[in-house]
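[1] generate coordinates for the sequence data below:
(3 chains)
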Amino acid sequence: MKSLTGKTLLAIATLTYLFMWVPTITLIVFSFSNDKLGIRWEGFTLKWYAEIFNNAAVRNALEMSLIIAITTIVVSTLAGTVTAYGLYKYKFRGKEVIRMSLLLPIVMPYIVTAGALLVFFTRVVDIPLGYPSILIAHISFSTPLAVFIVLGRMQRIDWTLEEASMDLGAGRLTTWRRITLPLLMPAVIASAVLIFPWSFSDFTITFFVAGVGNTTLPIYVYSALRWGETAAVNAIGAIFVALPLIGLLLMNFFQKKRVI
Amino acid sequence: MPRGACPERHEILRYAQNDTKRRAGNDKGMFFGSFQTAFRIVGEMPGNLREKIRKYLAKQAHLPSVGPVSIWTILFVIAPLGFILYFSFLTAGDFGQILPIFTLENYQALARPVVAEVFLRTLLFSLATTMICLLLGYPLAYFIVMYGGRWRIHLLLLVILPEWTSYLIRLYAIRMLSGRAGLINSALLSLGLISSPLGILYNPSAVVLTLVYGWLPLMVLPVYASLVGLNPSLLEASADLGATPFRRFFTVTLPLTKGGILAGIILVFIPCIGDWLVPLLMGGTKTFMAGNLVYLHFISAANIPAGSTIGVALTAIVLIIMYLCIKAGGKEATERII
Amino acid sequence: MENRESIPCVELRNLVKRFPGVTAVDHVSLKVEKGKVFSLLGPSGCGKTTALRIIAGLETMDEGDVLIDGKVINDVPAYKRDCSIVFQTLALFPHMTVEANVSYGLEQRKVPKDEIRKRVGEIIDLMGLGGMEKRRPSQLSGGQQQRVALARSLILSPKVLLLDEPLASLDRKLRKGMQVELKRIQREVGITFLYVTHDQKEALSLSDTIAVMDKGKLEQVGTPEEIYETPRTKRVADFIGASNIFPGKVIASGNGKVQLETEGGSRVIALENKDIRSEEVTGISVHPELVEVLPEGTGLEGDNRFRGKIVEMIYQGDFIETKICLDQTGGLITSYLNSRLGRETQFSPGEEVLVHWSPESSNILLG
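    This next block holds a predicted model:
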């Protein structure tokens, strides 16, 4: 790294890393500050974290976000895995169309998806805004993610293993349960790890389709932000920042447990 | 599926219809009756027809796995998008209704200076953001790949992690730093460097910088992937042929990572062009982007046709950009997006 | 009606499998005797693996029947067939231990746990895999993985064990060892082996019967000796390593001999075979080790003697591959000279020599 290029690169990289991390690190630091506005250091405290659990509004929002994220994970990884399997294993007409339409939610601007869903739910079909609408929106977005992650893994699997299993006398379902699924597990876990932070922290789409009175944690943060910040938001924010880290550690843990 | 795609199906249907007609007289209850009929039909079918059913079912073997999500996608992805396309040609009523009167007025309204200005600004901000992301992201990715050594994966994770954090929270963090009463201002004030708080927020550069902050990781990832995929012997070969490091970069490395760059451009540009939170929280009405118009029309004004039109226009821009990038970058760009 | 001869273990009747643009298996009929090693030999892409997969039930056929033990099993799904396949890639389950891999099939058959344990123990001993039970496939050597794959299939005592080039991934020395192993195991368990390979040496040394396939068609079925010594067609002769092939026509016969004129215009002599009509003959083949090279001075009178010039001598260890250009036709003939006899000192490239082989060494080709 002695060369001029190396030094310049190091400088740019350092500045970029600072740019990316200083705001969130500051946020975490000040979530431990005693200051009511959360922007001055007034001594160490954990009271804002305690408040997350004492404040009923925050608690309800957290609960709603968790229910939605977990339901989305379960439905999306399941549906995504099954769909990826079908897309990979069978040749049929319209396969490309299905692949392309699965890309749609990923490439459409959030705001357009969000608006389209809201209009669809309220003006075309009558789906109540709240849990049903939010779940439909989240599942529509997350399933393609799972499909593409699992598809990527499928391209690297030795499929004669399935044939070997059937040859040894296992039916289709047993083969799925004992061979295919364990082999796909890393991808399934990876999509769950990816979907959770997405669903848990999505704001735009959720905000549009949530309707009145349904507050997820990001929506709570948004209103706190718009109508006067409180330091408790810092604590919530710190949790959001820590979340993907926890996911990463989880994924690491699962990978180490399975020798594949 | 187009008609005639599966000749067996028609034959089976015809057979089933005739059979049902024949036996209509002595059928029992709806449910059991139909089940029994189904079994009887299959049982009594001539061998070749049974064979055809078998073949037909074999051809549809993908349906149980692919079917559910396909139906879901049609219902909750394609239909909503189709409807906003449809609504964009209709007229808005005075009380938020959608009147089924065909009109092109919504599209003509896009040309109105107020709206056109917003679109122009959206494009400009998005372009600026994408360029800055590229200028920062490419050297960063290059640095990680060339100098990362055994810390490569950790350095990359430091880039990815913010992307998995709530976007809203990250915007909040920026605001905490740079607001009028924010940390930067209070630090500068207490150091005596300034006498009154700086207006860091609520201007175009604040919006663009925040957008960069928001989407930079999406540029680094594909570029990183294509740099890692580079065959090091290519670089060695070109060094061996006497190319200076500088020339080497522009004649070998850069062209070979084109796919990654284009993928990064798509990945950053798309969310930028649809962003509405940054202008809302960092910019104020003077920096409103197209996404804010969608929000205003859909939620505040309840003018669905006008909102739909802006949504359609945004989608069109995204599709055009994607088409251009994929055309320029070929297969690699497409693959790197996913 | 089948009682007169014993029922074959596996029988294919007019098997046809078409893939887009190619007929992988083209009206193949064959019978595999019980308790024997039967090899399907052919170049890659000849349809041998497809035929094997059809027998295993992993692929469907377009026409024809597959019988195991005299019963048509066309519609029996793979997991209910009484046969087991050892894949080229071995397909060991990477997430299971050796023990779990081996017991997998018995578990599917709902065999009681005690019995599974007993039989797994036995087969692991038979395969010499003791002490490896708790390892995963990735922690085993190539040869050990091979044994696990065999054990996993053999433990089910299938009517027939299908082997799809199981030794292809091993290096040469290990492959030799495993060939011996395979023969030993087959003798011990007495299970019919249906062996697919493209390695003619492997097929010759392992099999009781060999079927040579090419482009989806069955070319010849016979014992290793028959296949090696009397290949019936050019393709078989070429594939089995008889590199001297002379296309030609019968022009005369009598005295227990037939005379052929080759395309190059030479006359070659072969022994007459009563079962063959002379119109069917398309040429002869001679194995290189049966071609003698003599010093130039030797007389020309007698059958199959030709003048030529040595163009190339390649040392191959136990023999010297010698290529001779025939004066009369300009064609090349290959001879394997025994290097131990010290003849290499007699000849050198560029030398004029005489080549000779006896009429009984000429093998008549029919296609």
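
[2] quick check: closest non-adjacent residue to A:Phe141.
    In space, A:Phe141 comes closest to A:Pro105 once its chain neighbours are excluded; the distance is 4.8 Å by C-beta to C-beta, 6 or more residues apart in numbering or on different chains. Backbone N, C-alpha and C define where each C-beta goes, glycine included.

[3] actually A:Phe208, sorry about that
    Using C-beta to C-beta, 6+ apart and skipping residues adjacent in sequence, the residue nearest A:Phe208 is A:Ala114, 3.7 Å away.

[4] wait, doesn't that neighbour sit right on A:Phe203?
    No: in this structure A:Ala114 lies outside contact range of A:Phe203 using C-beta atoms under 8 Å: 9.6 Å.

[5] give me the next element, helix or strand, following the helix or strand that contains C:Val258.
    For C:Val258, the host element (DSSP states H and E) is strand C:257-262. For strand C:257-262, the following helix or strand on the C-terminal side (DSSP H and E) is strand C:267-271.

[6] what does the helix or strand following that following strand rub up against?
    Helices and strands here follow DSSP H and E; after strand C:267-271, the next one along the chain is strand C:283-286. Under the criterion C-beta atoms under 8 Å, 6 or more residues apart in numbering or on different chains, residues C:231, C:234, C:237, C:242, C:244-248, C:260, C:262, C:268, C:270, C:333, C:357, C:361-365 lie in contact with strand C:283-286.

[7] which strands or helices does whichever helix or strand comes after strand C:283-286 pack on?
    Moving toward the C-terminus from strand C:283-286, the first helix or strand encountered (DSSP H and E) is strand C:292-295. Counting by 3 or more C-beta pairs under 8 Å, 6 or more residues apart in numbering or on different chains; DSSP states H and E, the packing neighbours recorded for strand C:292-295 are strand C:332-338, strand C:352-356.

[8] let me have those in a markdown table, extended by mean neighbour count.
    Compiled in a markdown table, those are given as follows (neighbours: other C-beta atoms under 10 Å in any protein chain shown):
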| stretch | mean neighbour count |
| --- | --- |
| strand C:332-338 | 19 |
| strand C:352-356 | 19 |
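
[9] ok so, going back, from the contacts of strand C:283-286, which would you call buried?
    Among the contacts of strand C:283-286, those classed as buried by neighbour count (16 or more other C-beta atoms under 10 Å in any protein chain shown) are C:231, C:234, C:237, C:242, C:244-246, C:248, C:260, C:262, C:268, C:270, C:333, C:357, C:361-365.

[10] B:Gly179 is in contact with B:Asn185, correct?
    Yes: contact between B:Asn185 and B:Gly179 holds when scored by C-beta under 8 Å: they sit 7.4 Å apart.

[11] ok, back up a step: please identify which of the helices and strands packed on strand C:292-295 is closest to chain B.
    Distance to chain B, taken as C-beta to the nearest C-beta, is lowest for strand C:332-338 among the helices and strands packed on strand C:292-295, at 40.6 Å.

[12] quick one, that closest one and strand C:352-356 angle?
    For strand C:332-338 and strand C:352-356, the angle between their directions (axes from the mean of the first three to the mean of the last three C-alpha atoms, to 10 degrees) works out to 80 degrees.

[13] apart from its neighbours in sequence, what residue is nearest C:Val268?
    By the measure of C-beta to C-beta, 6+ apart, the closest residue to C:Val268 outside its immediate chain neighbours is C:Leu260, 5.1 Å from it.

[14] ugh, wrong one, I meant B:Ser126
    Nearest non-adjacent residue to B:Ser126, counting by C-beta to C-beta, 6+ apart: B:Cys272, 3.9 Å away.

[15] got phi/psi on the one you found?
    With angles defined as degrees, to the nearest 10, B:Cys272 shows backbone torsions of phi -60, psi -50.

[16] who's in contact with it?
    When contacts are counted by C-beta under 8 Å, 6+ apart, B:Cys272 is found next to B:Phe125, B:Ser126, B:Thr129, B:Thr130, B:Leu211, B:Trp215.

[17] next up, the contacts around the nearest residue to B:Leu136 once chain neighbours are set aside.
    The shortest distance from B:Leu136 to any non-neighbouring residue, by C-beta to C-beta, 6+ apart, is to A:Thr16 (5.1 Å). When contacts are counted by C-beta under 8 Å, 6+ apart, A:Thr16 is found next to B:Leu136, B:Gly137, B:Pro139, B:Leu140, B:Leu216.

[18] pretty sure the last one is touching B:Pro139, no?
    No: B:Leu216 is not in contact with B:Pro139 according to C-beta under 8 Å; the separation is 11.8 Å.

[19] how about low-confidence regions in chain A?
    Within chain A, the stretches with pLDDT under 70 are A:1-2, A:36-40, A:228-231, A:255-260.

[20] tell me the residues of it that contact chain C?
    For chain A, the residues in contact with chain C (C-beta under 8 Å from any C-beta of the partner chain) are A:158, A:160-161, A:163-171, A:174, A:178-179, A:182-183, A:258-260.

[21] keep only those of these that are in helices.
    A:Thr160, A:Leu161, A:Glu163, A:Ala164, A:Ser165, A:Met166, A:Asp167, A:Thr174, A:Pro182, A:Leu183 (DSSP state H).

[22] any idea how many residues pack against the fourth one?
    Just to be clear, that refers to A:Ala164. Other residues within reach of A:Ala164, judged by other C-beta atoms under 10 Å in any protein chain shown, total 31.

[23] and it, how far from C:Arg235?
    Between A:Ala164 and C:Arg235 the distance is 33 Å, computed by C-beta to C-beta, to the nearest Å.

[24] swap in the second one?
    A:Leu161 sits at a distance of 35 Å from C:Arg235 (criterion: C-beta to C-beta).

[25] can you tell me the residue of the stretch 1-150 of chain A closest to chain C?
    When distances are taken as C-beta to the nearest C-beta, the stretch 1-150 of chain A reaches nearest to chain C at A:Lys91, 10.9 Å away.

[26] check chain B too.
    Nearest residue of chain B to chain C: B:Ala58, at 8.8 Å (C-beta to the nearest C-beta).

[27] that residue belongs to a helix?
    Yes: counting by DSSP: H, G, I helix; E, B strand; the rest coil, B:Ala58 is found in a helix.

[28] what residues are up against it?
    When contacts are taken as C-beta under 8 Å, 6+ apart, B:Ala58 is in contact with no other residue.

[29] name the element A:Glu63 belongs to?
    For A:Glu63, the element it lies in under DSSP H and E is helix A:56-89.

[30] by how many degrees do that helix and helix A:160-167 diverge?
    Put simply, helix A:56-89 runs at 80 degrees to helix A:160-167, going by the same axes, to 10 degrees.

[31] pull the number of nearby residues for the closest residue to C:Glu261 other than its chain neighbours.
    Nearest-residue entry for C:Glu261: C:Ile251, 4.9 Å, with adjacent residues in sequence omitted and distances by C-beta to C-beta, 6+ apart. The burial count assigned to C:Ile251 is 11, neighbours taken as other C-beta under 10 Å.

[32] could you do A:Phe32 as well?
    Residues near A:Phe32, counting by other C-beta under 10 Å, number 19.
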